[in-house]
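[1] Here is my input; please provide its structure:
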Amino acid sequence: MDQDMLAPLAGHVLSIKCAVGDTVEEDAEVVVIEALKMETPVFAPCDGTVKEIRVKEGDHVEEDDVLLVLGT
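    Presented below is the predicted three-dimensional model:
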């Protein structure tokens with residue numbers, strides 16, 4: 001089953017720490033969002049394989065936008 005990873009807050013995508021096809025473990029840092037000059041890491045909610053990345057570095061995201069899709 002696929003799981004969408006959502007942005008926890010609005011901001012800019014500072015960095016993406018994975019690529020499509022990567023296997024990630026639960027609680028691995030996969031994206032960093034910058035908001036109000038603070039960096040907020042986004043962690044994988046479960047083990048899985050990155051199936052799709054829907055943002056790129058520098059993109060502006062709103063709260064609950066889909067950042068990437070994990071296949072579990």
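
[2] list the contacts for Ala10?
    The contact partners of Ala10, by C-beta atoms under 8 Å, 6 or more residues apart in numbering, come to Ala35, His60, Val61, Glu62, Glu63. Glycine gets a C-beta too; all of them are placed from N, C-alpha and C.

[3] Check the offset of the helix or strand hosting Leu70 from the chain's centre.
    Remark: Leu70 resides in strand 66-71, with elements defined by DSSP states H and E. In terms of C-alpha atoms, centre = their mean, to the nearest Å, the centre of strand 66-71 is set 7 Å apart from its chain centre.

[4] Rebuild the contacts of Ala10 as JSON lines, extending it with pLDDT, neighbour count and secondary structure.
    Listed next are the contacts of Ala10 as JSON lines, based on pLDDT from 0 to 100; neighbours: other C-beta atoms under 10 Å; DSSP: H, G, I helix; E, B strand; the rest coil:
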{"residue": "Ala35", "pLDDT": "95", "neighbour count": "16", "secondary structure": "strand"}
{"residue": "His60", "pLDDT": "98", "neighbour count": "11", "secondary structure": "strand"}
{"residue": "Val61", "pLDDT": "98", "neighbour count": "21", "secondary structure": "strand"}
{"residue": "Glu62", "pLDDT": "98", "neighbour count": "9", "secondary structure": "coil"}
{"residue": "Glu63", "pLDDT": "97", "neighbour count": "11", "secondary structure": "coil"}
